[in-house]
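Undergrad: What follows is a predicted structure for the sequence shown.
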Amino acid sequence: MMDAVLFGAVDNALLVAGIACGVEWGELFVPRSYRSRAAGAAVGGFLGNAISDGVAGFAIGPGFAVGVFLGCLLVGPALVPVIRRASRVS
């Protein structure tokens, strides 16, 4: 059980770190016309999740980890309307 708790803590810590980085440095990833802290947080959360899932994949093997990471990135185009909406909110 403690392994699962540790896994969950590390997984979410990486996700939160991604969100925090997106809030602070989102302008590096979001087009100028859509820049906002909310849009940065969305991109940071997206990337943080991809990284945390990729790291988790190493429990199975390096090839699996890379595949999971790339699979997470495949849905990146779905983030476009989220960024547009987030830029209008904040």
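TA: Looks like it came in fine. Numbering: from 1, shown residues only.
Undergrad: Where does pLDDT dip in the chain?
TA: Under the criterion pLDDT under 70, the flagged ranges of the chain are 90.
Undergrad: Mind listing residues that contact the host helix or strand of V82?
TA: Under DSSP states H and E, the secondary-structure element containing V82 is helix 79-89. When contacts are taken as CB atoms under 8 Å, 6 or more residues apart in numbering, the neighbours of helix 79-89 outside the stretch itself are V30, S33, Y34, R35, S36, A38, A39, A41, A42, V43, F46. No exception for glycine: its C-beta is placed from N, CA and C like everyone else's.
Undergrad: could I get those as a markdown table with distance to G18 and neighbour count?
TA: A markdown table is the format used below for those (distance: CB to CB, whole Å; neighbours: other CB atoms under 10 Å):
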| residue | distance to G18 | neighbour count |
| --- | --- | --- |
| V30 | 14 | 22 |
| S33 | 23 | 7 |
| Y34 | 18 | 19 |
| R35 | 17 | 18 |
| S36 | 17 | 18 |
| A38 | 14 | 21 |
| A39 | 14 | 27 |
| A41 | 9 | 21 |
| A42 | 10 | 24 |
| V43 | 9 | 26 |
| F46 | 8 | 23 |
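Undergrad: Export only the CA atoms of stretch 74-90, formatted as CSV.
TA: Listed next in CSV are the C-alpha coordinates belonging to stretch 74-90 (Å, rounded to 0.1, in the frame of the first residue of the first chain):
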residue,chain,number,x,y,z
LEU,A,74,-0.8,13.1,-29.2
VAL,A,75,-3.9,14.8,-27.8
GLY,A,76,-2.1,18.2,-27.8
PRO,A,77,-4.4,19.6,-30.5
ALA,A,78,-7.3,19.1,-28.2
LEU,A,79,-5.7,21.7,-25.9
VAL,A,80,-6.1,24.5,-28.5
PRO,A,81,-9.7,25.4,-27.6
VAL,A,82,-8.9,25.2,-23.9
ILE,A,83,-6.1,27.7,-24.4
ARG,A,84,-8.4,30.0,-26.4
ARG,A,85,-11.1,29.8,-23.7
ALA,A,86,-8.5,30.2,-20.8
SER,A,87,-7.2,33.4,-22.4
ARG,A,88,-10.6,35.0,-22.3
VAL,A,89,-11.2,34.0,-18.7
SER,A,90,-8.2,35.6,-17.0
